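Novice: what would the 3D arrangement of this be:
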Amino acid sequence: LYPLMEALADKLETNAPNSPPQLPFDESQPPHDLGVDPAFWVSIERIHSAAKAFDRELWAENRKDSIRVWEILVMTRSLSNMTAAKERRVKFFHQLEERGETTILKALDTLSTHIQWILVTGGEGMLATGGTRILHHLTGQFGGPYAIPAGSSLEAPNSPAIKSLTFCLRGQFVHIQAALTPHSLAAFWTALSMRLYDILVARLLQHYYVSTVGAVILSRDVEALRSVAMLAGDQHSHWDNLRELLTLYMTPPDALKSMLVGPDGDINSGKGLFASCGKDQVLVFMSRRVDYRYKTGQGLKKSVWANELLNDLGVQDPTDGTVNIGLFAAERKN
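Specialist: This next block holds a predicted model:
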């Protein structure tokens, strides 16, 4: 059983394909396996079932006339022999579980690289839109999938990358659920939820800008991802935190102060997003608004409203220096 489990891990290809995915995927066809074939999860389940059957038949616990481990040990009337045998029994399962955890963690890594493949290589590769080119001219940087100009259509409920990704993840969930115990499923899916969050937030804070129209699509995308993440496990507060922060992109500049510190305008009131999400985190997210900075002959400059808001609140802009994206990881929200 040990080499079978190790062989499963060796067969996983953690690197995503070199060519970009053609989005959106055709949902009348089976979903992309994200690098983890459904047979992988069937094999995991069968190896664990085989281990339990092997143990049950080998020990034949309390089964008379079996002439197997349990009965032989009882016949010896040796407590030390029984203790040593039980220790080896536990050791067998412990070693198998360790190999299983290593294999399943590799599956998690494989799913993560393929999630990034769809969101980044696929989703961002589709951005040959006028809105993105306009934003690049104004800010000197590409805006990503949510820098959508005013007046654009909002008919599509989700961006093509998120629509395709959630389709694939729901397909994966069915196979994972059949293979793992409820406890293991919750742990695995929670870890995947955090990976998914970290990939999206890292792209948002390092590469994307969000317009008012784009915020509507982003909000729908986050809801779709959160819905998939909630299929198992209960530690998903990082998505609730993100939902709150998205209001920064839907609010006009003159209403931001009350949103940040509460209706009284007091930074020490314990109210507003500063209190619920943390001052620096809120300011970094706010800096991804398309209107936060603009392009000049001397480089990028903050908008007048941004400078006035920061001065009024008496706070420093953390994006004036280097931002440590690791501080925004999902594990810090749970």
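Novice: name the nearest residue to residue 329, sequence neighbours excluded.
Specialist: residue 198 (5.4 Å; Cβ to Cβ, 6 or more residues apart in numbering). To be clear about C-beta, it is placed using only N, CA and C from the backbone, and glycine gets the same treatment.
Novice: state the mean pLDDT of the helix or strand residue 83 falls within.
Specialist: Using DSSP states H and E, residue 83 maps to helix 79-116. Taken as a whole, helix 79-116 has an average pLDDT of 90.
Novice: for it, packing partners?
Specialist: helix 2-11, helix 38-59, helix 69-76, helix 182-207 (3 or more Cβ pairs under 8 Å, 6 or more residues apart in numbering; DSSP states H and E).
Novice: for those helices, give me a markdown table that also has distance to residue 126 and mean pLDDT.
Specialist: Listed next are the helices and strands packed on helix 79-116 as a markdown table, based on distance: least, Cβ to Cβ, whole Å; pLDDT from 0 to 100:
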| stretch | distance to residue 126 | mean pLDDT |
| --- | --- | --- |
| helix 2-11 | 31 | 93 |
| helix 38-59 | 28 | 88 |
| helix 69-76 | 61 | 73 |
| helix 182-207 | 14 | 96 |
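Novice: of the ones you listed, which approaches residue 245 most closely?
Specialist: Residue 245 lies closest to helix 182-207 among these, at 9.3 Å (Cβ to Cβ).
Novice: most tightly surrounded among the helices and strands packed on helix 79-116?
Specialist: Highest mean neighbour count among those (mean count of other Cβ atoms under 10 Å): helix 182-207, with a mean of 19.
Novice: report the angle between that helix and helix 79-116.
Specialist: Here helix 182-207 runs at an angle of 30 degrees relative to helix 79-116 (axes from the mean of the first three to the mean of the last three Cα atoms, to 10 degrees).
Novice: run the angle between helix 182-207 and helix 38-59 for me.
Specialist: 150 degrees.
Novice: mind checking how far helix 182-207 is from the chain centre?
Specialist: 2 Å (Cα atoms, centre = their mean, to the nearest Å).
Novice: send me the next helix or strand after that helix as PDB with only the CA atoms.
Specialist: Per DSSP H and E, the first helix or strand lying C-terminal to helix 182-207 is helix 212-229. Extracted as PDB, the C-alpha positions of helix 212-229 are listed here (Å, rounded to 0.1, in the frame of the first residue of the first chain):
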ATOM      1  CA  THR A 212     -17.300  51.300 -10.000                       C
ATOM      2  CA  VAL A 213     -18.700  49.200 -12.700                       C
ATOM      3  CA  GLY A 214     -16.000  46.600 -12.300                       C
ATOM      4  CA  ALA A 215     -16.800  46.400  -8.600                       C
ATOM      5  CA  VAL A 216     -20.200  45.000  -9.400                       C
ATOM      6  CA  ILE A 217     -18.600  42.100 -11.400                       C
ATOM      7  CA  LEU A 218     -15.900  41.700  -8.700                       C
ATOM      8  CA  SER A 219     -18.600  41.400  -6.100                       C
ATOM      9  CA  ARG A 220     -20.500  38.800  -8.100                       C
ATOM     10  CA  ASP A 221     -17.200  36.900  -8.600                       C
ATOM     11  CA  VAL A 222     -16.400  36.900  -4.900                       C
ATOM     12  CA  GLU A 223     -19.900  35.600  -4.100                       C
ATOM     13  CA  ALA A 224     -19.500  32.800  -6.700                       C
ATOM     14  CA  LEU A 225     -16.100  31.800  -5.200                       C
ATOM     15  CA  ARG A 226     -17.400  32.100  -1.600                       C
ATOM     16  CA  SER A 227     -20.400  29.800  -2.600                       C
ATOM     17  CA  VAL A 228     -18.000  27.100  -3.800                       C
ATOM     18  CA  ALA A 229     -15.700  27.600  -0.800                       C
END
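Novice: elements contacting the following helix or strand past helix 212-229?
Specialist: Next in sequence after helix 212-229, counting helices and strands by DSSP H and E, comes helix 237-245. Counting by 3+ Cβ pairs under 8 Å, 6+ apart, the packing neighbours recorded for helix 237-245 are helix 182-207, helix 212-229, helix 272-277, helix 279-286.
Novice: for these, please prepare TSV with the additional fields distance to residue 256.
Specialist: TSV is the format used below for the helices and strands packed on helix 237-245 (distance: least, Cβ to Cβ, whole Å):
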stretch	distance to residue 256
helix 182-207	18
helix 212-229	13
helix 272-277	9
helix 279-286	7
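Novice: please name the nearest non-neighbouring residue to residue 25.
Specialist: Per Cβ to Cβ, 6+ apart, closest to residue 25 is residue 164, 4.3 Å.
Novice: before we move on, back to that, any idea how far the residue nearest to residue 329 lies from residue 89?
Specialist: As judged by Cβ to Cβ, to the nearest Å, residue 198 and residue 89 stand 39 Å apart.
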